[in-house]
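In: fold the following for me, if possible:
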Amino acid sequence: MTGWKDKRKVMQRYDVTAEMYDERYAWEQKAKYKKALENVNVDGATVLDVGCGSGLFFSQVASQADMVVGVDVSRKLLLKAKEQTRAFQNAFVLQADADHLPFRDKIFEAVFAFTVLQNMPKPAQTLEELKRVVKFGGRVVVTGLKKAFPLDLFMDVLENSGLKLAAFLDDEAVNCYVAVLAA
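Out: Modelled structure (predicted):
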């Protein structure tokens, strides 16, 4: 099974778990956010959160960023994320596929994709799409779930992206590798 069938399966899984997502994953996601934001400045930036889930990341960046846009394939998670946007005048959500983002080239200063690449049928293609929408000099932050994404495979995807590795974090307290890439 490849392509859309895989993505549909992921979408359905997240739709089913949407109601308990924050309860189950908030602490883990917030640990990733903290590590990423130690290495990326979002002050005055246009920020894209790919795979935004329930919108947990908005509270971490909206007060500093100029604008935050969250995209996700899961409609039910997006409904939760929409609730999060009510607290911020500069946060917006829309349903979109990470491999086909509905944005012009090079419009975001910072692109974040937490817990996304391991859910994609072709992670290198997804990273190429993230690279397309980040401005020159911007940052792309991606994570790779350690139990689902072997380090050598994750590093191959990063090295072949055409982006420069600015920081790589492998913290025992975080279940993911966190990579900060420079455009």
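
In: in this protein, where is pLDDT below threshold?
Out: 1-2, 4, 7-8, 10-27 (pLDDT under 70).

In: the same query, at a cut-off of 90, please.
Out: The chain contains residues with pLDDT under 90 at 1-32, 74-77, 115, 118-120, 147-149, 171-175.

In: and the helices in it?
Out: 4-17, 21-37, 58-61, 75-85, 123-133, 151-159 (DSSP state H).

In: list the buried residues of the third one.
Out: Buried positions in helix 58-61, judged by neighbour count with 16 or more other CB atoms under 10 Å: F58, Q60, V61. For the C-beta atoms, the positions are set from N, CA and C on the backbone; glycine is no exception.

In: residues contacting the last one?
Out: Just to be clear, that refers to V61. Counting by CB atoms under 8 Å, 6 or more residues apart in numbering, V61 touches L37, V42, V47, D49, V68.

In: can you check the second one too?
Out: Shown here is Q60, whose contacts under the criterion CB under 8 Å, 6+ apart are K30, Y33, L37.

In: correct me, but the second one touches F57?
Out: Read it as Y33. Yes - between Y33 and F57 there is a contact under CB atoms under 8 Å: 5.8 Å.

In: of those two, who's got more company?
Out: F57 (26 against 20; other CB atoms under 10 Å).

In: the residue most central in space within the chain pairs with what?
Out: Nearest to the geometric centre of the chain sits A113, at 1.6 Å (CA atoms, centre = their mean). For A113, the beta-bridge partners under DSSP bridges are V142.

In: and it, what does it touch?
Out: Taking CB under 8 Å, 6+ apart as the test, what A113 contacts is V50, G51, A98, T126, L130, V140, V141, V142, T143.

In: and if we set it to 7 Å?
Out: Contacts for A113 (CB atoms under 7 Å, 6 or more residues apart in numbering) come out as V50, G51, A98, L130, V142.

In: so what's the residue count around the second one?
Out: This points to G51. A total of 26 residues lie near G51 under the criterion other CB under 10 Å.

In: with the fourth one instead?
Out: Look at L130: counted by other CB under 10 Å, it has 26 neighbours.

In: and for the last one?
Out: By other CB under 10 Å, 30 other residues sit near V142.

In: quick one: residues contacting it.
Out: If you count contacts by CB under 7 Å, 6+ apart, then V142 has A113, L117, L127, A179 around it.

In: mind checking which of the helices of the chain is nearest D170?
Out: helix 151-159 (7.8 Å; CB to CB).

In: contacts only, for A81.
Out: C52, G53, S54, G55, G70, D72, V93.
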